[in-house]
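> next come a sequence and a model predicted from it.
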Amino acid sequence: MNKFYKIFLLLIVTGLISYSCDGIEDSLVDDQLEENPLPSTPEYSSGSTDFSNYVAIGNSLTAGLMDGALYNIGQRNSVAAILATSFAATVDGDYTFNQPAIDSENGFNIGISPNPSNGITFGRFKLDTDARIPSPVINGEAPTAYTGPALNNFGVPGVTVGQLRSPATANNPFYGRFASNPGASTVLGDAINADPTFFSLWIGSNDVLDYARGGASNSAALTSNADFQTRFTNVVTDLMTETTADGVVINIPSFLGLAFFRAVPYNPIPLDAATANAVTQGYSDYNNGVQQAATAGAITQAEADRRMISFAAGANAFVMEDETLTDLSAFGLPPLRQSEPTDLTILSLGSLLGVDAFGEGAYGLQDAVSDQFVLIPSEQVEIETSRQTFNGIMAQIVAANSSRLTLYDTNSSTGVFADLFGLSDGVPGITVDGVDLTPDFAPTGVLSTDGIHPNPRGNALIVNEIIATIEAQFGASLPDINVLNRSSVSVCAGNCLSQQ
């Protein structure tokens with residue numbers, strides 16, 4: 001009995017000690033949690049909408065084209081694909097977002113013509129840091145047919161608003177490769193048949209950008225206001241009547257601030273004194289003729305001074321055609337002047353200046369640059385007027401369907417585009433988590449090397465603003481995208497044309 005009693009006491013004491021230690025440990029843990037609470041697991045929600053079957057509709061910005069080509073890395077970092085990763089956090093179980101996989105490391109460069117050339121198929125641009133220019137890689141691949149699973153991303157590089165509803169868009173190889181019935185189906189019809197619960201619609205840029213990229217030289221490339229109104233209305237009407245999906249519409253950014261129009265300055269030709277004098281002498285007859293026209297009263301002296309061609313040692317403006325100048329054909333004089341700070345130069349001109357590009361002498365010196373490479377101020381105004389008009393049309397149509405649609409305004413005075421182009425504070429660039437990012441294709445830039453399309457970091461910046469717009473409209477809670485863990489510019493490594 002005594003032995004049993006001792007064992008019983010030992011068990012009680014052991015239990016008390018154990019209980020006491022457990023209590024002390026629990027108390028210490030509680031104190032630590034009060035002082036240093038564990039981070040809570042975010043609870044993401046779709047709010048009043050449903051992201052379970054997200055479908056993306058649009059052009060190259062939606063498809064993931066960057067660096068002048070549609071290729072694997074760009075496609076995986078498309079605006080649509082990045083946005084889908086955020087939506088996935090609101091869906092229980094497996095979440096799929098299928099893109100028409102291009103399965104090409106370098107893609108097919110749509111900014112090079114002709115392509116292929118001399119047996120070489122040019123792929124994406126990379127940055128040649130020695131020459132300080134974008135250069136295409138020499139091992140590109142033409143797009144092939146897509147044979148994978150049913151799609152969620154219906155972004156097609158190059159399409160305009162009207163082409164979303166046209167069976168002829170199958171002639172575009174980027175749609176033809178995945179069209180459900182080439183020649184009969186349409187991009188919009190295929191997207192609607194995917195039965196979306198939510199969609200993004202980023203379209204309209206090419207209705208004015210194509211005109212701008214061609215130096216405003218081809219009026220057929222600019223969609224009229226009336227046609228844009230009709231075509232965009234039809235697209236949204238189809239989405240509203242043939243689906244029950246909610247959606248986000250994205251308008252047209254102020255693209256004249258992009259590197260494509262800014263990277264080449266107005267005075268990019270370096271000359272020594274002897275060359276400058278020789279080239280100036282070559283324009284003696286032209287300059288004398290201009291002055292004679294002014295003396296005869298055909299033009300003002302101010303216009304004559306503007307049309308005089310002269311060069312000096314250092315950086316020089318190039319000689320260009322300007323169709324807005326007074327017609328002096330009666331004097332045998334072409335409409336020439338030198339480029340001015342208010343002109344915008346197309347990126348592709350940079351590789352042509354100063355060389356005999358067209359068999360007529362050094363381009364920009366003896367051979368005047370043609371209209372297709374320069375946007376003069378009046379053309380810039382025309383382009384901006386159309387862009388703003390198109391955006392106004394889009395805003396009205398979204399407002400008329402505000403129960404199901406929200407508009408991400410890329411032109412917000414406090415948005416990422418305003419910050420990048422210095423429209424908000426006069427200083428171009430944006431700072432993310434202490435890192436300064438620039439609106440170009442430098443290693444710190446957010447643009448790809450084609451000067452128009454964002455790189456993966458740029459797309460992530462845009463997606464975060466789209467997310468905020470969706471959250472505000474539909475009461476959703478979505479994870480933001482880490483911008484800095486995505487890549488920026490790729491550098492040439494021996495396989496670029498400029499290195500051959």
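Thanks, I have the structure now. Numbering: from 1, shown residues only.

> first-to-last residue distance for stretch 351-365?
14 Å (Cα to Cα, to the nearest Å).

> and that stretch, what's buried?
351, 352, 353, 354, 357, 362, 363, 364, 365 (16 or more other Cβ atoms under 10 Å). No exception for glycine: its C-beta is placed from N, CA and C like everyone else's.

> what does stretch 83-91 give?
Buried, per 16+ other Cβ under 10 Å, within stretch 83-91: 83, 84, 86, 87, 88, 89, 90, 91.

> tell me the first helix or strand C-terminal of the strand or helix carrying residue 57.
Residue 57 belongs to strand 54-58 when assigned by DSSP states H and E. Next in sequence after strand 54-58, counting helices and strands by DSSP H and E, comes helix 60-63.

> helices or strands up against that following helix?
Packing partners of helix 60-63 (3 or more Cβ pairs under 8 Å, 6 or more residues apart in numbering; DSSP states H and E): helix 79-87, strand 153-155, strand 198-202.

> for residue 371, which of these is the nearest?
Residue 371 lies closest, by Cβ to Cβ, to one member of the helices and strands packed on helix 60-63: strand 198-202, at 29.6 Å.

> how far does the helix or strand following the closest one sit from its chain's centre?
Downstream of strand 198-202, the next assigned helix or strand under DSSP H and E is helix 206-213. Averaging C-alpha positions (Cα atoms, centre = their mean, to the nearest Å) puts helix 206-213 13 Å from its chain's average.

> so what secondary structure elements neighbour helix 206-213?
Looks like helix 206-213 contacts helix 377-400 (3+ Cβ pairs under 8 Å, 6+ apart).

> what sits against the residue nearest to residue 60 when sequence neighbours are not counted?
Once flanking residues are discounted, residue 60 sits nearest to residue 157: 3.7 Å by Cβ to Cβ, 6 or more residues apart in numbering. Residues in contact with residue 157 (Cβ atoms under 8 Å, 6 or more residues apart in numbering) are 59, 60, 63, 65, 70, 110, 172, 174.

> go again with 10 Å.
When contacts are counted by Cβ atoms under 10 Å, 6 or more residues apart in numbering, residue 157 touches 58-65, 69-70, 110, 143, 172-175, 206, 453.

> three-state assignment of it?
coil (DSSP: H, G, I helix; E, B strand; the rest coil).

> could you list the buried residues of the helix or strand where residue 465 lies?
For residue 465, the element it lies in under DSSP H and E is helix 456-474. Neighbour counts over helix 456-474 (16+ other Cβ under 10 Å) mark 456-467, 469-470, 473-474 as buried.

> out of those residues, who's nearest residue 439?
Using Cβ to Cβ, those come closest to residue 439 at residue 458, 8.8 Å.

> does that closest one touch residue 439 like I think?
Yes - using Cβ atoms under 10 Å, residue 458 is in contact with residue 439, at 8.8 Å.

> where do the contact lists of the two overlap?
Common neighbours of residue 458 and residue 439 (Cβ under 10 Å, 6+ apart) are 420, 445, 446, 447.

> mark which of these are part of helices, please.
residue 420 (DSSP state H).

> by pLDDT, rank the shared contacts of residue 458 and residue 439 and give me the bottom one.
Across the shared contacts of residue 458 and residue 439, the smallest pLDDT goes to residue 420, namely 90.

> got the contact list for residue 263?
132, 133, 134, 345, 346, 347, 349, 350, 440, 441, 447, 451.

> show me the one in these that has more neighbours than the rest.
Counting neighbours by other Cβ atoms under 10 Å, residue 441 comes out on top of the contacts of residue 263 with 30 neighbours.

> how far away is that residue from residue 68?
Distance from residue 441 to residue 68, counting by Cβ to Cβ, to the nearest Å: 11 Å.

> what touches both of these two?
Taking Cβ under 10 Å, 6+ apart as the criterion, residue 441 and residue 68 both touch 125, 126, 134, 448, 449, 450, 451, 452, 453.

> so which of those residues belong to strands?
Applying DSSP state E to the shared contacts of residue 441 and residue 68, the entries found in strands are 125, 126, 134.

> now tabulate the residues you listed in a markdown table and tack on distance to residue 211 and pLDDT.
Formatted as a markdown table, these follow (distance: Cβ to Cβ, whole Å; pLDDT from 0 to 100):
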| residue | distance to residue 211 | pLDDT |
| --- | --- | --- |
| 125 | 22 | 97 |
| 126 | 28 | 96 |
| 134 | 22 | 93 |
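
> and which of those is nearest to residue 299?
Using Cβ to Cβ, residue 134 comes nearest to residue 299 of these, at 39.7 Å.

> so that closest one versus residue 174, what's the distance?
Residue 134 sits 21 Å away from residue 174, going by Cβ to Cβ.
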